[in-house]
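>>> The sequence and its predicted three-dimensional model are supplied below.
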Amino acid sequence: MSHIDELEEALDDFNTAWANRDLEGLIGQFVPEADLVLIGSQKGEEARGPEELRRLLEHFFAEPVSYRWEWRSREVYAVGDIGWVVAQGPIVEAAPDAVSRFEYTVTGVLERRDGRWLWRLFHGSEPDETHVDWDRIVRPAIA
């Protein structure tokens, strides 16, 4: 299996662990060092190191809401044992009485160890509803 295929699989495993509220499974997908970083989309939703990560995930999984992603696009790249991902699409928030979907972007850096890709940096964001036509600015049509 190529590194790219392995990174795709790591994204799937990450999504499955979140959806199943698999605390140990999700923690096991991160490097165990103090310099791991998870930054979520909400103010203060941050964890640095394994202990903070565990506390943050315990909080999420104690809530009566589950999350999973329905990514429209997933880009994965690797150089040696360092990989990075960009995944975009709705995150599905399932509460006991309602299901919501909202746009979400995940970026991350992973490190390959013993044949597995482990998250070193996770960053999630919810794009705002800007009125700037960024596609026109960044990707102008070629005449």
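Nice, thanks for sending it over. Residues are numbered from 1 along each chain as shown.

>>> in stretch 59-69, what counts as buried?
Phe60, Phe61, Ser66, Tyr67, Arg68, Trp69 (16 or more other C-beta atoms under 10 Å). For glycine as for every other residue, the C-beta is placed from the backbone atoms N, C-alpha and C.

>>> quick check: mean pLDDT across that stretch?
Averaged over stretch 59-69, pLDDT sits at 94.

>>> What about Glu93, how many residues nearby?
15 (other C-beta atoms under 10 Å).

>>> Show me the beta-bridge partners of it.
Beta-bridge partners for Glu93, by DSSP bridges, are Tyr67, Ser100.

>>> cool, and Val85?
Here Val85, judged by DSSP bridges, has bridge partners Val76, Gly108.

>>> Quick check, it in contact with Thr107.
Yes: applying C-beta atoms under 8 Å, one finds Val85 in contact with Thr107, separated by 6.8 Å.

>>> Tell me which of these two has more neighbours.
Higher neighbour count among Val85 and Thr107: Val85, with 23 against 16, using other C-beta under 10 Å.

>>> Give me the pLDDT value at the more buried one.
97.

>>> check contacts around it.
With contact set as C-beta atoms under 8 Å, 6 or more residues apart in numbering, Val85 has these partners: Leu7, Ala10, Leu11, Arg74, Glu75, Val76, Tyr77, Val106, Thr107, Gly108, Leu110.

>>> Which strand or helix spans the residue nearest in space to the middle of the chain?
Closest to where the C-alpha atoms of the chain average out (C-alpha atoms, centre = their mean) is Val106, at 4.4 Å. Counting by DSSP states H and E, the element that carries Val106 is strand 98-113.

>>> And that strand, what does it pack against?
helix 3-19, strand 82-95, strand 116-125 (3 or more C-beta pairs under 8 Å, 6 or more residues apart in numbering; DSSP states H and E).
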